[in-house]
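J.: next comes the sequence, and after it the predicted model I'd like to discuss.
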Amino acid sequence: MKCTYLIGFFAAALAVSSCSPKTTTGVLRAPGQTTGKVDGTKDQSEADREDKSGDTDIALSNKAKRYPGGTIALLLPFQLDRVAGSAVSEEDVKRSALALDFYQGFQMGLDQTVKSNKRVELQVLDSRDNAGHNANLARSQEIKDASLIIGPVYPAEIKAFSASLPSNNRVLQVNPLAATMPTEFNLPNLVSVTPPISIHMRAISAELSKNYKEGDVILIYNTANSDHQQFIQGFPADIKERLPYAEVISVSSPSELNDKLNSRVVYHIISGTTDRNQLKALLNVMDERSMSDNLEFRLYGHPLWNRVDFSSYSNFTFYRPVISSESHLNPLSNATRDFQSSYKNAYGVEPSDHAYKGFDSGTYFGNLLQKYGRDYAEHINKETFEGLYSNYKFNRNERWGYVNFGVSLMEYRFGKFQAR
């Protein structure tokens, strides 16, 4: 078994290590270490082993034979260039936390996909959260050799990196974390793992249409809140396509809402506001009318409602609130507990959401490369996946690439939103 320690001086401070029998990891080290460089450049002894003849074509041919599963380039913002010497501060650790958590989860997911005849090479590169540096990385040999690119993670990095990729590089680039609308990038080779807000809206629209019965009324509670504006965009057209004859009413204030509640039907109320005062005003009207007139409501909201404390609203549960979520994590499942135990044993801490996301990505994309090798791109929109944290169900658009439609629904029960 080969054990490769990552991130040089971080390994001592954070016990970051990667042991894999069938994957090879390009080593990240601190600037100035003679055995390697930041950005995953191999040390000279390893380079010599790969290409003693100095002939690039022969080296690439040998590499393809050694790694028939291909090479993954993983670009994460470790920001090692901002660490002063070998002294790792608490601020350094916090700055690199997202990258470390995702990498550690990714490596564990990749490790479990390994098969004897499909070795995969993993090159880990520090994107530094720097647009200029990402432009340089896009032209590097590591990226030229990659079968799959995962990262960078921030929108500005993604734009700078993709703009600098050679025009003949058609390798898929995975956006592993950012929930940015794919239309903002317009990259036909981009794989957006985190479902954008439009996918959440469509999931809620589908759920509402399933609960709708003839004669019910759909009420859109509009606000100027930016979360609501992004969430509700496209909903009127989508719900009309699903329910052509449904009555859809839009209101913009508590008093206007109150005036529209004038018949004994089921009101399906949808709002994307995350402003607590606006939510309070909405719920106050619903509480008053449900008690005084015995009106029945069904409530549908924004994914971020999962972070709002609704415990002070005693009637909230009665409205059977439903939201969508990118996650369906079940902390009580055996698979989750096994991962938590393995992760804590390896790194001494509990896994964060980024670690779970990394694990799912490593498992999914590792399996694709194991099964299909360098032809994996032909199968990505056919291979669905149910991970610990997320579901993957990709649809392809010729202009903005592959978009994950795999959102889950959550219902409010026993004082919190819970996965179904």
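T.: Yes, it's here.
J.: and the closest residue to L75 other than its chain neighbours, how far is that from F102?
T.: Once flanking residues are discounted, L75 sits nearest to G151: 3.3 Å by CB to CB, 6 or more residues apart in numbering. (Each C-beta comes from the backbone N, C-alpha and C, glycine too.) G151 is 9 Å from F102, where distance means CB to CB, to the nearest Å.
J.: find residues that contact each of these two.
T.: Residues touching both G151 and F102 (CB atoms under 8 Å, 6 or more residues apart in numbering) are L76, P176.
J.: which parts of the longest helix seen in the chain are buried?
T.: Criterion DSSP state H: the longest helix present in the chain is helix 353-372. Of all the residues in helix 353-372, those buried under the rule 16 or more other CB atoms under 10 Å are 353-370, 372.
J.: just give me how far that helix sits from the chain centre.
T.: 12 Å (CA atoms, centre = their mean, to the nearest Å).
J.: ok, stretch 374-382 next?
T.: Centre-to-centre, stretch 374-382 and its host chain are 19 Å apart (CA atoms, centre = their mean).
J.: quick one, helices of the stretch 151-300 of the chain?
T.: 155-164, 197-211, 226-232, 235-242, 254-260, 276-292 (DSSP state H, counting those that start in this stretch).
J.: go through those and name the closest to Y300.
T.: Proximity to Y300 (CB to CB) singles out helix 197-211 among the helices of the stretch 151-300 of the chain, at 5.0 Å.
J.: angle of the closest one against helix 235-242?
T.: 40 degrees (axes from the mean of the first three to the mean of the last three CA atoms, to 10 degrees).
J.: show me what helix 197-211 is packed against.
T.: On a contact count with 3 or more CB pairs under 8 Å, 6 or more residues apart in numbering; DSSP states H and E, helix 197-211 meets helix 226-232, helix 235-242, strand 266-270, strand 296-300, strand 322-325.
J.: send me it as CSV with only the CA atoms.
T.: In CSV, the C-alpha atoms belonging to helix 197-211 read as follows (Å, rounded to 0.1, in the frame of the first residue of the first chain):
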residue,chain,number,x,y,z
ILE,A,197,-32.3,27.7,-7.5
SER,A,198,-34.4,27.2,-10.6
ILE,A,199,-34.3,23.4,-10.1
HIS,A,200,-35.5,23.9,-6.5
MET,A,201,-38.4,26.0,-7.8
ARG,A,202,-39.4,23.3,-10.3
ALA,A,203,-39.3,20.6,-7.6
ILE,A,204,-41.6,22.7,-5.4
SER,A,205,-43.9,23.4,-8.4
ALA,A,206,-44.1,19.7,-9.1
GLU,A,207,-44.9,19.0,-5.4
LEU,A,208,-47.6,21.7,-5.3
SER,A,209,-49.2,20.3,-8.5
LYS,A,210,-49.3,16.8,-7.0
ASN,A,211,-51.1,18.2,-3.9
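J.: okay, now the unreliable bits of the chain?
T.: For the chain, applying pLDDT under 70 flags the ranges 1-68, 115-117.
J.: packing partners of the longest helix of the chain?
T.: helix 97-111, strand 120-126, strand 148-150, helix 334-347, strand 385-386.
J.: try it again with 10 Å
T.: Contact partners of helix 353-372 among helices and strands, from 3 or more CB pairs under 10 Å, 6 or more residues apart in numbering; DSSP states H and E: strand 71-76, helix 97-111, strand 120-126, strand 148-150, strand 173-175, helix 334-347, strand 385-386, strand 391-392.
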